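Colleague: show me how the following folds:
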Amino acid sequence: MKTKMPDCKSRTPGRGKLSQALWLAICLAAVSASAQTVLFNFPFNEGSGTNIASSVNTLPGTLGMELVADSAPTFSTDTPSGLAGDYSIAFASVVGDYTGNRIHVEDPGLAIDVTDPITGTNRSFTFQCWVKFGEQPGARATLFDNNGPGMKANIAILGDRSIALTTYGILDMTSSAKVVDDGMWHHIAVVHEDGVEVRFCIDGIVRDIVTYTNGVNVNGPQAYFHMGMEVWDWPEYGSGVNPFVGKIDRMSLTRGVVAVNDLDWRPVSGVTPSAPSLASPKPAIEISWPTMPAGYLLQSTTNVADTNSWVNVVNSPSAVGPGTYYFYGPVSSPQRFYRLVKP
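Modeller: Below is the predicted model of the structure:
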């Protein structure tokens, strides 16, 4: 979406006119709005066939690659939202040393350009997607790889499930932000604020911040990009490395910095599930949560510092009331913590 800039230079403060401070605030707001632009957004909701398209810039994608056997991933009804009509993309196990599932997306109009058109220098960007792990075949699993005129970067999950960003020709950046391998969906985001830092987010929480001032290179040769695998260019085009195994949903790239609260971390877009409420009027606990959106599981742990210690609460829910689930259990020692998760 283009934002028409106000003529900041031609306005002067005076009687009956906007104050200089207020007009400056309007100008700054317009700059901020125009600096944040969604470059692509793939909901993957086609549900069948071999073609997909971005809801922004209508970038055409193909599941798999011509003449590369077994390279096409498939649609899956397993999604973060669990809603009917919602689909994700399932990437299967690697077939050979250089083959695996991947998505090829053409970008003939060079829509992938992270350089701010106002400043001409700022190359901030925000990458987002949902992931659900399969058994990873190697030490690096590519989620998004672009080597085009407007951005040269690779975003991947490493063998320890940490998020990594490669700015081609500059740095292979690792992070301490690790996605829990619990068989459930998790949202990840990489927020590059040019000249400042890179923020690695998981499930709407900043898990690591890496100071980084070297930006990203542009002027790459490819008018296309890939998801789920890093694919070599000519003369060996079609061969690939670092495949991802598992499911991916709702992948997007934005020019500019998206605030943490505005990331797409909610399983159902725009809907923030209520936190479970806890009551303990007797030597027992009562936990309740809404029945809609459906599909949430109640989990518990005695150690919130250990992200792998959460387990499903058996016999949950204990009862169902009008629009509400209930769980009743004994007060335990040591103390126990509870959360809702979306498988």
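Colleague: CA only for contacts and neighbour counts going forward, please
Modeller: Will do.
Colleague: I'd assumed Ala72 was in contact with Leu63.
Modeller: Yes. With contact defined as C-alpha atoms under 8 Å, Leu63 and Ala72 form a contacting pair (4.8 Å).
Colleague: overlap in contacts of the two?
Modeller: Here Leu63 and Ala72 have 50, 102-103 as joint contacts, going by C-alpha atoms under 8 Å, 6 or more residues apart in numbering.
Colleague: neighbour count, pLDDT and secondary structure added to those, as a markdown table?
Modeller: Putting the shared contacts of Leu63 and Ala72 into a markdown table (neighbours: other C-alpha atoms under 10 Å; pLDDT from 0 to 100; DSSP: H, G, I helix; E, B strand; the rest coil) gives the following:
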| residue | neighbour count | pLDDT | secondary structure |
| --- | --- | --- | --- |
| Thr50 | 15 | 96 | coil |
| Arg102 | 32 | 94 | coil |
| Ile103 | 24 | 96 | strand |
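Colleague: including distance to Ala294, could these go into a markdown table?
Modeller: Formatted as a markdown table, the shared contacts of Leu63 and Ala72 follow (distance: C-alpha to C-alpha, whole Å):
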| residue | distance to Ala294 |
| --- | --- |
| Thr50 | 30 |
| Arg102 | 31 |
| Ile103 | 30 |
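Colleague: partners of Ile209 in the sheet?
Modeller: Counting by DSSP bridges, Ile209 is bridged to Arg199.
Colleague: show me what contacts it?
Modeller: Neighbour list for Ile209: 175, 197-200 [criterion: C-alpha under 8 Å, 6+ apart].
Colleague: over to Glu197?
Modeller: Per C-alpha under 8 Å, 6+ apart, neighbours of Glu197: 209-213.
Colleague: what's in contact with stretch 83-96?
Modeller: Here stretch 83-96 has contacts from 43-47, 70, 72-79, 100-102, 135, 137, 228, 243-250, using C-alpha under 8 Å, 6+ apart.
Colleague: got a PyMOL select line for the buried ones in those?
Modeller: In PyMOL, selecting the buried portion of the contacts of stretch 83-96, with burial taken from 16 or more other C-alpha atoms under 10 Å, looks like this:
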select buried, resi 43+44+45+47+70+72+73+74+75+76+77+78+79+100+101+102+228+243+244+245+246+247+248+249+250
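Colleague: are any of the contacts of Glu197 buried, and if so which?
Modeller: For the contacts of Glu197, buried by 16+ other C-alpha under 10 Å: 209, 212.
Colleague: ok, now how distant is Gly183 from Arg336?
Modeller: 22 Å (C-alpha to C-alpha, to the nearest Å).
Colleague: Ile155 too?
Modeller: Taking C-alpha to C-alpha, one finds Ile155 at 36 Å from Arg336.
Colleague: count of neighbours near the residue nearest to Asp203 when sequence neighbours are not counted?
Modeller: Excluding its sequence neighbours, the residue lying closest to Asp203 (C-alpha to C-alpha, 6 or more residues apart in numbering) is His187, at 4.7 Å. Residues within reach of His187, counting by other C-alpha atoms under 10 Å, total 25.
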